[in-house]
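Colleague: sequence plus predicted model, see below.
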Amino acid sequence: MKKGFKVAVAGFMAACSLGSFGACGEQTITVGYTDYAPMNYENEAGELVGFDTELAKEVFSDLGYKVRFKLIDWPNRYTELDGGTIDCVWNGFTANCADDDGTQRADKVDFTYYYMTNAQCILRLNTTADVANKTAFVGTSIAYEASSAAESFVKDITGANLKAVTSQMDAVKEVNAGTAQYAVVDLLLAKSLAGQGNFANIVINQGIQIDAEYYAIGFKKGSALTAKVNEKLVEYAGNGKLADLAEEYGLSNQVILDYTDQIK
């Protein structure tokens, strides 16, 4: 009996080894995110919505998990992931770049397949001069999210006041308030805000083209969930779920629906 009990317990623990679990073995995945429309943001009713939010719910539900979302400070994402306070970063996480320390992000986390294309862009007020190259930033102030892909873009700009802030939304708000002349943010965020509502006076600077980026979901190194989520991305690309969700959030031109060249 004791031996059988030990085997049963071992089996239970193995089954619950991915994510946290409750008293009845109910497994919960904690998704780390920041406020970033159209990927993860609150609607007018105060509900967390967005492309990444809805996709995470769908994927983990199909995999048999409950999902909770934890708002994090972007610079702390690796600490949160390694410490187990979150199970993944699903928040427009650019995978094909290095961090400010020179280490490729793919060396720090396990990334899923790329599922979305993106690029950095520059926001400004419609009364602020357009910039055509980095030297044009001399004497200006630029807001950007600390430890983000934007930081890689601004780090070699000289003669400008570089203002690191907590989130991309904070960078946009700096421009809107006139406390920074420019903000470097993800193009997807910029398109969802520029010229809209409270940001009616903000426009996307057209003078500088920045290399394309790719979003992926980040898991702790060695996580078995990476492969499971990859399977779901391929499945959803085939059955139309990804395309439908992308259309809902205006991302049809950015979503990746063919994973042939990523499957190893």
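Modeller: Received the coordinates, thanks.

Colleague: distance from the stretch of helix or strand residue 190 belongs to to the middle of the chain?
Modeller: With elements taken from DSSP states H and E, the one containing residue 190 is helix 187-193. Remark: helix 187-193 is offset 13 Å from the chain centroid, using C-alpha atoms, centre = their mean, to the nearest Å.

Colleague: tell me which other helices or strands it touches.
Modeller: strand 116-125, helix 168-177, strand 202-204 (3 or more C-beta pairs under 8 Å, 6 or more residues apart in numbering; DSSP states H and E). From N, CA and C alone the C-beta is placed, and that goes for glycine too.

Colleague: average pLDDT across the next helix-or-strand element following the last one?
Modeller: So that's strand 202-204. Next helix or strand after strand 202-204 toward the C-terminus (DSSP H and E): strand 212-219. For strand 212-219, mean pLDDT is 95.

Colleague: pull out the buried residues from strand 212-219.
Modeller: 213, 214, 215, 216, 217, 218, 219 (16 or more other C-beta atoms under 10 Å).

Colleague: show me the domain layout of this protein.
Modeller: Following automatic domain parsing, the chain resolves into domains at 25-116+214-248, 118-212.

Colleague: can I get the ones you listed in TSV with distance to residue 256?
Modeller: Formatted as TSV, these follow (distance: least, C-beta to C-beta, whole Å):
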stretch	distance to residue 256
domain 25-116+214-248	5
domain 118-212	11
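
Colleague: thinking again about what came up before, can you list the buried residues of strand 212-219 in CSV and add distance to residue 52?
Modeller: Below are the buried residues of strand 212-219 laid out as CSV (distance: C-beta to C-beta, whole Å):
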residue, distance to residue 52
213, 15
214, 14
215, 8
216, 11
217, 8
218, 12
219, 14
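
Colleague: just how off-centre is stretch 222-229 within its chain?
Modeller: That offset, for stretch 222-229, works out to 18 Å (C-alpha atoms, centre = their mean).

Colleague: quick check: buried residues in that stretch?
Modeller: By neighbour count with 16+ other C-beta under 10 Å, stretch 222-229 contains the buried residues 223, 225, 226, 228, 229.
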